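**Student:** A structural model of the following input is requested.
(chains A and B, ligands or ions: 4)
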Amino acid sequence: METTPFILPFTIGLLFISCFLVIIIGIWISSLSRIDKSRIIHSILTKKSWFAIREIVMESLLHRKIFRKNPVLGYMHMSLAFGWFLLIVVGHIEACNHYQTFSVPAYMAIFMRYFVTEPSTTLSGKILSASMDLLLLFVLSGVVLAYYKRANSRLFGMKKTTQLKLGDRIALISLWLIFPLRFLAESVSAGIHHNGSIISHPTGELLASIFPVHSFEMPLWWAYSGALGLFFFALPVSRYMHIPVEVVLIFLRNYGIKVQKRIGGYSRIQVYSCSRCGICLDSCQMSHAAIKDTQSVYILKHIRNKNLTDEKLFNCLLCGRCQPDCPVGLELNNLRITQRIESTKEYNSSYEYLKNGKIAVSPQTEVIYFAGCMTHLTPAIIKSVKEIFAVAGVKYWFMDEEKTACCGRPLMQVGQYEAAKKLIEHNRMQILSSGVKKIVVSCPICYKVFNEDYALPGIRVMHHSEYLLELMADKRLPINKLPLRVVYHDPCELGRGSSIYHQPRLLLDEYVELIPIKNEKKTALCCGGSLANIKIQMNERNQIRDTALDEYLAYQPDLLATACPLCKKTFTKSNKLPIHDIAEIVYMAILNKMDIEINISTQIEKANADKNLRF
Amino acid sequence: MKHIVIIGGGIAGIETACALTDAGHWVTVIEKDSQLGGKLNNWSYLFPDFTPTEKITVELQAKCRDKDFSILTSTEISTILRKDGKFNIETSSDQKLEADAVVVATGYELFDAHRKEEYGYKIYDHVITSADLEELLKPGGDLTVAAGKYPKRIAFVHCVGSRDEKSGNHYCSKVCCITGVKQAIELKMRLPDAEIFCFYMDLRMYGKHFEELYREAQEKYDIQFIRGRLSEASEKIDKSLLIKSEDTLSGRPLKMNVDLMVLLVGMEAGKGTANAAKACGIGCEESGFLKTTDTFLKSNFSEQEGIFLAGSCTAPMSVNDTILHARSAAMEVKHWLSKR
Ligand SMILES: Cc1cc2nc3c(=O)[nH]c(=O)nc-3n(C[C@H](O)[C@H](O)[C@H](O)COP(=O)(O)OP(=O)(O)OC[C@H]3O[C@@H](n4cnc5c(N)ncnc54)[C@H](O)[C@@H]3O)c2cc1C
Ligand code: SF4
Ligand code: SF4
Ligand code: SF4
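**Tutor:** Numbering: from 1, shown residues only, chains lettered A, B, ... in the order given. Ligands and ions are numbered 1, 2, ... in the order given. You can find the predicted model right below:
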């Protein structure tokens, strides 16, 4: 087969990047845990692989998720990814067709228009070369949009776009040049040989009539090959690493692999899969407090560049608002926690004072009630839960009445994993030795850690909103609808963190008039009070809180409901809107109903109790 | 004759009004409550020397009668417009007034103790504020916590809603430390068997006789001062309270059972002052208290020419300081009017 020196930059680049990828991905996969490796082995020949391939087509090539968020941005990503993919595939078919063999080297397909000097004569050849022209046009339209996006990102529905480093700059420029150069080189060759197809032919003829195209041909093909080679060499140090790595990520994710508490091959793969599309910037409420450099995209970039500071790593609410928006589906919260654990010098507490005494719980006990440290700071919630339990006749053991060990999650969020494990173990032993099969918690922070990091076989963990709903369904709670318009604020750890969206709403629906709002459930706002952010200033927290409150105030509710003591405390500080936990509201409604049903003398007593809950 | 409108009829407002009437001006006091006197009406005996508040209010009332200035109670201002060097004022009861100068003397409001929910105000039966206690300390006030039972152990909690980033107030309310000392002594005199503890961060005994009173509280009345901020309280079945704190002097966590807890609530500028500031178009500090143009020499001047400030709407202050600040406001108004 023919050859020419200008194929060298491309061929060497391709060789380099292939070796590099095989080695680096090999290292990552070999550093997975034994369990994860066996997951791969057991899944590879199942339909999970098929799901992965389907996902790769839908997300890596077609970019469906970005499309949904913003069609223009989606088109840009799709034309570049899917268009380029088709150019490679169809180009290869074209070359196979032309040379009538299946063993065509890559460069022959890529530079075919240089080597083929006569026009295609067969019908299949004509169709293929026309498609190649159209595909190149499709990719070029994406490149034009990309130029435009750099200059002006409004059109793409994004307020900010990410900033570039040297490796990225080289890769970006070579990527931007590849397709225009290919177009010019192919057109010029077409002009010289009077071949080409529907677009390259007329363009070539036009160029040939104006310029001395003979002297341009070689430099253009060299430049095209050079741009490709440069792109391959810059790939490992650029964000475009996400293109190959995301494919691996999708397979592993479909095999059930998850980010662990410690950094490993899979968390690296996640980090490298970030395309720096910047979509996660838009949903982050930290920008309401003018904090603009600590969002997920930057953290992942700094991890890659090995220049992450604690200042940035710990300046995040772990609200998880950015996570559902990430088109790559990265586990942004867990990645950040993993990184925090990595960068935390262990806090040396032995917690020796925690004594695992024998727990004597009455055999009739239905549930354990665990209020949590935060709820101890909002005693109205504890009081309401206790009163509701009394009304429903629930037999419970108040595990942390005298306040015992913390649930461990706040420590975990700030990277104190070893310390958290000690607390977890202590509480776990207490729960297990009580023999009770249900534990009700009032704080979403506790709820999440009990569910995810406590091994409690056979024990059901419930947030009080779930449990109260169950009591109501079992007709153990009276129902009474109060004439109050209520906005429900999803707590981050309960909503996005634990997917409890419906139970609190179903419960509230029975007791008040619930107003649907724009930012709820997955896109719910964070109150700003998160314990996970240890770098933020109080006034910045207040700004985040007030922006959220202003949004709620626009619905003119009588009160704001939530299901988290921390959200309650955070919002209470602002004094703009009364805020109550769901348990307080249920208790209020029940009291109110009993007032009507019971005689007048008790009414006065209850009225005092009402006052206690301050409506 | 020049006409001066004073917004707020607490001691600051009354004192300014009296001084300006003496100077030969015509004065109108606009008070949103049904009576004059402000917070003073709620207190029993005043620190630092246990003067019965009534003694002061009676004297103030007599002065008001003597001086003969106009008083509009249960009234607020709705708008103030400046026109040809005069202020055109419209009130909530649709009266129209024309004034040559305005004095804002709208005072403060008590910190709402609900906002510090961890202390259980209105959730636990035996948690009260210092303002509630003033009511109980009036002659005939009932100090029992349950039928016929007097509290045996009492805790005072300092800085509730002051010096506390979490409540959003960074400043010190200045009078609550000494109020706590005064009330602790009064309680001890009424309930000699009770043990009394004050939980403080540090004690601000800034005024004349304050430090002496504090020493007396320790030596003569055996009141114990514990340095440490209370973290939380919980209620037991018998309605007594379990409080948690840290003794920062000995560095030990501390748990204690008490029968009554008194929250020394701080001062906030409050809605009354915010409304007046808005109507007058004058600025507030970050704390919410009204901005003066100079800390030293112009502590009665607002950002608007012709609008003056008097009393605790500019910063937390005691009755004494309020009276002095009000008199200086009157002097500044008089001087300013004479130059026009
Ligand atoms: C618990 C406690 C105990 C205290 N005990 C003592 C003590 O023993 N000795 C002592 O020296 N000091 C004491 N003080 C301080 C004392 O209360 C103040 O110094 C004093 O009340 C300040 O007076 P003022 O006139 O500036 O404000 P205020 O007393 O607050 O009076 C302001 C008046 O303005 C009115 N007003 C507000 N807004 C408007 C509006 N927009 N339009 C019309 N009217 C308005 C209000 O209704 C009020 O009548 C105590 C304070 C507290 C919190
Ligand atoms: S983390 Fe996700 S959303 Fe954010 S830039 Fe990376 S790929 Fe985009
Ligand atoms: S978790 Fe929340 S605070 Fe952190 S980067 Fe994402 S959106 Fe921003
Ligand atoms: S006067 Fe004392 S109790 Fe009041 S805010 Fe200042 S330090 Fe705290």
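**Student:** got the contact list for the residue in the stretch 51-200 of chain B positioned nearest to ligand 1?
**Tutor:** Closest to ligand 1 within the stretch 51-200 of chain B is B:Gly107: 2.2 Å, counting by CB to the nearest ligand atom. Glycine gets a C-beta too; all of them are placed from N, C-alpha and C. Residues near B:Gly107 by CB atoms under 8 Å, 6 or more residues apart in numbering or on different chains: B:8, B:10, B:12, B:38-39, B:270, B:272-273, B:311-313.
**Student:** The same query, at a cut-off of 7 Å, please.
**Tutor:** For B:Gly107, the contacting residues are B:8, B:10, B:12, B:38-39, B:272, B:311-313, by CB atoms under 7 Å, 6 or more residues apart in numbering or on different chains.
**Student:** Kindly indicate which of those lies nearest chain A.
**Tutor:** B:Gly272 (14.8 Å; CB to the nearest CB).
**Student:** ok so, going back, can you pull the pLDDT of the closest residue in space to the residue of the stretch 51-200 of chain B closest to ligand 1 that isn't next to it in sequence?
**Tutor:** With sequence-adjacent residues excluded and distances taken as CB to CB, 6 or more residues apart in numbering or on different chains, B:Gly107 is closest to B:Gly10, at 4.6 Å. The score at B:Gly10 is 96. That number is its pLDDT.
**Student:** Please look at B:Gly10 and B:Gly38 and confirm they touch.
**Tutor:** Yes - using CB atoms under 7 Å, B:Gly10 is in contact with B:Gly38, at 2.4 Å.
**Student:** Helices of the stretch 351-500 of chain A, start to end?
**Tutor:** A:379-392, A:409-413, A:417-434, A:444-453, A:464-473 (DSSP state H, counting those that start in this stretch).
**Student:** which intervals of the stretch 451-600 of chain A have sub-threshold pLDDT?
**Tutor:** Within the stretch 451-600 of chain A, the stretches with pLDDT under 70 are A:594-600.
**Student:** quick revisit: now distance to A:Met538, neighbour count and secondary structure too, for the contacts of B:Gly107, in a markdown table please.
**Tutor:** Output for these, formatted as a markdown table (distance: CB to CB, whole Å; neighbours: other CB atoms under 10 Å in any protein chain shown; DSSP: H, G, I helix; E, B strand; the rest coil):
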| residue | distance to A:Met538 | neighbour count | secondary structure |
| --- | --- | --- | --- |
| B:Gly8 | 31 | 29 | coil |
| B:Gly10 | 31 | 29 | strand |
| B:Ala12 | 31 | 31 | helix |
| B:Gly38 | 31 | 26 | helix |
| B:Lys39 | 29 | 19 | helix |
| B:Gly272 | 26 | 20 | helix |
| B:Gly311 | 29 | 32 | helix |
| B:Ser312 | 25 | 31 | helix |
| B:Cys313 | 25 | 30 | helix |
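**Student:** Show me which of those is closest to ligand 2.
**Tutor:** For the contacts of B:Gly107, the nearest to ligand 2 is B:Gly272 (48.3 Å; CB to the nearest ligand atom).
**Student:** Contact partners for the closest one?
**Tutor:** Contacts of B:Gly272 (CB under 7 Å, 6+ apart): B:32, B:106-107, B:109.
**Student:** let's see 6 Å
**Tutor:** B:Thr106 (CB atoms under 6 Å, 6 or more residues apart in numbering or on different chains).
**Student:** Quickly note the distance from it to ligand 3.
**Tutor:** Distance from B:Gly272 to ligand 3, counting by CB to the nearest ligand atom, to the nearest Å: 38 Å.
**Student:** hang on, the residue of the stretch 51-200 of chain B closest to ligand 1 in a helix?
**Tutor:** No - counting by DSSP: H, G, I helix; E, B strand; the rest coil, B:Gly107 is not found in a helix; it is coil.
**Student:** Could you measure from it over to ligand 4?
**Tutor:** For B:Gly107 relative to ligand 4 (CB to the nearest ligand atom), the value is 17 Å.
**Student:** just A:Phe216 next, same as before
**Tutor:** 81 Å.
**Student:** what comes into contact with the helix or strand that contains that residue?
**Tutor:** Using DSSP states H and E, A:Phe216 maps to helix A:214-234. Helix A:214-234 is contacted from outside by A:6, A:9-10, A:13-14, A:17, A:114, A:167, A:170-171, A:174-175, A:177-178, A:181-182, A:184-185, A:188, using CB under 6 Å, 6+ apart.
**Student:** name the element A:Gly196 belongs to?
**Tutor:** With DSSP H and E as criterion, A:Gly196 is part of no helix or strand.
**Student:** how many other residues sit next to whichever residue of the stretch 1-150 of chain B sits closest to chain A?
**Tutor:** Using CB to the nearest CB, the closest approach of the stretch 1-150 of chain B to chain A is made by B:Glu118 at 4.0 Å. B:Glu118: 20 surrounding residues under other CB atoms under 10 Å in any protein chain shown.
**Student:** what does A:Gln543 give?
**Tutor:** Quick note: A:Gln543 (other CB under 10 Å) scores 19 neighbours.
**Student:** Need the phi and psi values for it.
**Tutor:** phi -60, psi -40 (degrees, to the nearest 10).
**Student:** again with A:Leu308
**Tutor:** According to degrees, to the nearest 10, A:Leu308 has phi -80, psi 130.
**Student:** picking that back up, on the three-state scheme, the residue of the stretch 1-150 of chain B closest to chain A is what?
**Tutor:** Going by three-state DSSP: B:Glu118 is helix.
**Student:** Let me know whether it touches A:His376 as I believe.
**Tutor:** No - using CB atoms under 6 Å as the test, B:Glu118 is too far from A:His376 to be in contact (7.3 Å).
**Student:** any common contacting residues for these two?
**Tutor:** Counting by CB under 6 Å, 6+ apart, the contacts common to B:Glu118 and A:His376 are B:Glu232.
**Student:** Excluding sequence neighbours, find me the nearest residue to B:Lys32.
**Tutor:** B:Glu76 (4.8 Å).
**Student:** and what of A:Asp490?
**Tutor:** A:Ala524 (3.6 Å).
**Student:** likewise B:Ser130?
**Tutor:** B:Leu264 (4.9 Å).
**Student:** Could you give the average pLDDT over the helix or strand hosting B:Leu337?
**Tutor:** Assigned by DSSP H and E, B:Leu337 belongs to helix B:319-338. Throughout helix B:319-338, pLDDT has a mean value of 97.
**Student:** What are the contacting residues of it?
**Tutor:** With CB under 6 Å, 6+ apart as the criterion, helix B:319-338 contacts B:2, B:11-12, B:15-16, B:19-20, B:23, B:101, B:103, B:300, B:308, B:310-312.
**Student:** Could you list the buried residues of it?
**Tutor:** Buried residues in helix B:319-338, counted by 16 or more other CB atoms under 10 Å in any protein chain shown: B:319, B:321-323, B:325-330, B:332-334, B:336-337.
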